[in-house]
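S.K.: Predicted model follows, preceded by the sequence.
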Amino acid sequence: MSNQFTRNIIITGGAGFIGNHVVRLFVNKYPEYKIINLDKLTYAGNLANLKDIEDKPNYKFVKMDICDFDGVLKLMQDEHVDGIIHLAAESHVDRSIKDPFTFAQTNVMGTLSLLQAAKAYWESQPVPYQISIFNSKFSIPCRFYHISTDEVYGALEMTHPDGIEPPFTTKASSGKHHLAYGEKFFTEDLKYQPHSPYSAAKASSDHFVRAFHDTFGLPTIVTNCSNNYGPYQFPEKLIPLFINNIRHRKPLPVYGKGENVRDWLYVEDHARAIDLIFHKGKIAETYNIGGFNEWKNIDIIKVLIQTVDKALGRVKLETTETGETIETYPDMALITYVTDRAGHDLRYAIDSSKLQRELGWEPSLQFEEGIEKTVRWYLDNQAWMDNVTSGDYMKYYEEMYDNR
Ligand code: NAD
Ligand code: DAU
């Protein structure tokens, strides 16, 4: 019955962190679309992330590996798929340093398999790259939308370690903490300079996507986004891992000096950008998506400690020599500097003014508000955290952090 819907869209990696927010947004906002979540359910995929929408009539989950070309092609034919939003990937830089093969397999070969399947199915249509809508003389244009990362651009210099006023203004970036740590930003025309096996594999997949447009006319779009944060992120990444460790009073493993800079975007703002670009973005274009929100790791870690300690009632009041009463945060003592990540990129900072200018998107959330919401979510959803940190996670944690 797939053709009762006006569009049939595959979202790959929908059980992962960003994917579940994109699936939820599309399923709720477009009841007239059928949303097919294609996910292999690796350690990072979790159907519990989608409990609230799993029974919706316009949602379907298919457990499949994107590398399964025959399976993907058949699914596209059976469901009359006219859009692919491709998020499935191996996404963690530290894992890519230990096991690059898996990253090449999923991120490169998996993307290629999806591209080939989309090309084969869409070219077989009476009007190539257009799918006829059931019961209608109209047809709609197909879209292959590839979600990528800012890490493909490499690392930016930190020319202003104390911070300077950034050249961008958005409603969300006008908060008190927003500074830039250099004059240069990632723009869409920068050459690719990936450093990690993860970013090298993502860069390669981006090239394949563009090659399929240039060679075969596949209607592709690529976006490169900065670091996302928010609910349902697997606790191998900085923010959920540190929130969980603070809660359990475990050491906080800060790589190097904690001076590396990332540009943080609330995950629902990324999902909103994906919705907009899927519908309004220009074919063959690249759009950078970022938070206009640079932070040194160590500063973000201190905010996390303050926020968790406040929420858990751990803040202490102390009187200084001058008689002033100040708040202190006992969990600051958990900060532990450890051996740096190999090839650790110093600074990422996105210039997403093209997206702002051409499609009117900008982040909606002040970072202070976003981080507060995020901490609250993880503290309120301890059962989710306990579930994903049981079993293999402990082994991963030991391998990655013991004797580091
Ligand atoms: P994630 O690791 O949380 O989720 C990845 C999902 O892909 C999981 O559900 C997993 O089961 C699935 N998957 C992995 N291999 C698969 C395969 N072979 N076949 C089918 N499914 C498979 O990742 P995320 O953080 O949500 O990132 C999603 C995408 O966004 C990735 O492409 C990533 O490169 C990109 N991205 C992430 C960020 C970020 O900050 N997290 C920023 C920019 C871009
Ligand atoms: O920039 C976009 C990218 O952001 C995405 O493409 C990746 O999928 C995503 O994982 C993220 O990559 P990072 O490597 O920047 O994220 P991560 O959370 O792993 O690390 C953020 C920073 O924190 C980085 O400078 C390394 C540091 N860090 C991380 C961990 C896990 C630590 O100091 N200690 C840690 O234990």
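M.R.: Happy to help now that I have it. Numbering: from 1, shown residues only. Ligands and ions are numbered 1, 2, ... in the order given.

S.K.: can you tell me which residues contact Ser139?
M.R.: By C-beta atoms under 8 Å, 6 or more residues apart in numbering, the residues touching Ser139 are Val127, Gln130, Ile131, Ser132, Ile133. Every C-beta, even on glycine, is put in place using the N, C-alpha and C of the backbone.

S.K.: Now list the buried members of these.
M.R.: Among the contacts of Ser139, those scoring as buried are Gln130, Ile131, Ser132, Ile133 (criterion: 16 or more other C-beta atoms under 10 Å).

S.K.: Point out the least confident member of those, please.
M.R.: By pLDDT, Ile133 ranks lowest within the buried ones among the contacts of Ser139, coming in at 77.

S.K.: three-state assignment of Val222?
M.R.: When the structure is split into helix, strand and coil by DSSP: H, G, I helix; E, B strand; the rest coil, Val222 lands in strand.

S.K.: SS state for Asn49?
M.R.: Assigned state for Asn49: helix (three-state reduction, three-state DSSP).

S.K.: So which bits of the stretch 51-200 of the chain are right by ligand 1?
M.R.: Applying the criterion C-beta under 6 Å from any ligand atom, the portion of the stretch 51-200 of the chain that neighbours ligand 1 consists of Asp65, Ile66, Cys67, Leu87, Ala88, Ala89, Glu90, Ser91, Thr106, Gly110, Ile147, Thr149.

S.K.: Name the member of these with the most neighbours.
M.R.: Most neighbours among those, by other C-beta atoms under 10 Å: Ala88, with 30 neighbours.

S.K.: Please give me every residue in contact with that residue.
M.R.: Contacts for Ala88 (C-beta under 8 Å, 6+ apart) come out as Thr12, Gly13, Gly16, Gly19, Leu38, Asp39, Lys40, Ile66, Thr106, Gly110.

S.K.: tell me which of these is nearest to ligand 1?
M.R.: Gly16 (2.0 Å; C-beta to the nearest ligand atom).

S.K.: Can you list the buried residues in stretch 342-360?
M.R.: Residues of stretch 342-360 classed as buried under the neighbour-count rule (16+ other C-beta under 10 Å) are Asp345, Arg347, Tyr348, Ala349, Ile350, Asp351, Ser352, Ser353, Lys354, Leu355, Gln356, Leu359.

S.K.: Now the helix or strand where Leu276 lies: buried residues?
M.R.: Leu276 is part of helix 267-280, with elements assigned from DSSP states H and E. With burial defined by 16+ other C-beta under 10 Å, the residues of helix 267-280 counted as buried are Val267, Glu268, Asp269, His270, Ala271, Arg272, Ala273, Ile274, Asp275, Leu276, Ile277, Phe278.

S.K.: excluding its backbone neighbours, what's nearest the second one?
M.R.: Counting by C-beta to C-beta, 6 or more residues apart in numbering, Glu268 lies nearest to His21, which is 5.7 Å off, once chain neighbours are set aside.

S.K.: Now the helix or strand containing the one you found: buried residues?
M.R.: Assigned by DSSP H and E, His21 falls within helix 17-29. Neighbour-count burial for helix 17-29, with 16+ other C-beta under 10 Å as criterion, is recorded at Phe17, Ile18, Gly19, Asn20, His21, Val22, Val23, Arg24, Leu25, Phe26, Val27.

S.K.: That helix close to ligand 2?
M.R.: No. Contact of helix 17-29 with ligand 2 is not found when judged by C-beta under 6 Å from any ligand atom; the minimum separation is 8.7 Å.

S.K.: does the helix or strand following that helix come close to ligand 1?
M.R.: The helix or strand immediately downstream of helix 17-29 is strand 33-39, counting by DSSP H and E. Yes. Counting by C-beta under 6 Å from any ligand atom, ligand 1 is contacted by strand 33-39 at Asp39.

S.K.: Show me what strand 33-39 packs onto, helices and strands only.
M.R.: Contact partners of strand 33-39 among helices and strands, from 3 or more C-beta pairs under 8 Å, 6 or more residues apart in numbering; DSSP states H and E: strand 7-12, helix 17-29, strand 59-63, helix 69-79.

S.K.: How many residues are close by Ile97?
M.R.: Applying other C-beta under 10 Å, I find that Ile97 has 16 neighbouring residues.

S.K.: correction: Gly391
M.R.: The number of residues packed around Gly391, counting by other C-beta under 10 Å, is 10.

S.K.: Model confidence at it, what's the number?
M.R.: pLDDT, Gly391: 85.

S.K.: for His146, same thing?
M.R.: Model confidence at His146, expressed as pLDDT, equals 98.

S.K.: Would you mind listing where this structure has pLDDT under the threshold?
M.R.: Applying pLDDT under 70 to the predicted model, the residue ranges of the chain that meet it are 1-3, 135, 174-177.
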